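Participant: Here is my input, please return the structure:
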Amino acid sequence: MRGQEDKIGETLTYPDAIVQSPADSSVRLFHRFYRELTIGDKHLCVVVKYMEDRAFVVTAFFTDKVKRGAVL
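Facilitator: Predicted coordinates for the structure are as follows:
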């Protein structure tokens with residue numbers, strides 16, 4: 001994800017979809033669709049863990065589709 005920091009920020013600020021993780025209710029998956037990447041058209045998924053007094057990005061990756069879970 002080196003060099004994709006701007007897309008990560010954009011995905012967190014303007015997501016197309018936010019999904020609650022089915023495995024962990026304190027985790028949200030922020031998705032945004034990007035066209036014409038060097039790897040083709042993909043969704044960027046940014047995984048954020050929420051705790052009582054903070055939140056942090058766990059990971060980010062490109063994927064072919066929005067992950068399953070409750071849409072928020």
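Participant: need the helices for the chain, in chain order.
Facilitator: 5-13 (DSSP state H).
Participant: Was I right to think Val71 contacts Val19?
Facilitator: Yes - using Cβ atoms under 8 Å, Val71 is in contact with Val19, at 5.7 Å. For the C-beta atoms, the positions are set from N, CA and C on the backbone; glycine is no exception.
Participant: neighbour-wise, which of these two wins?
Facilitator: Val19 (19 against 10; other Cβ atoms under 10 Å).
Participant: what's the pLDDT at the spatially closest residue to that one that is not a sequence neighbour?
Facilitator: Using Cβ to Cβ, 6 or more residues apart in numbering and skipping the chain neighbours, the partner closest in space to Val19 is Gly69 (4.0 Å). In this model, Gly69 is scored at 87, pLDDT.
Participant: Tell me how many other residues surround Arg2.
Facilitator: For Arg2, the number of neighbouring residues by other Cβ under 10 Å comes to 4.
Participant: From Val27, how far out is it?
Facilitator: Separation of Arg2 from Val27 (Cβ to Cβ, to the nearest Å): 23 Å.
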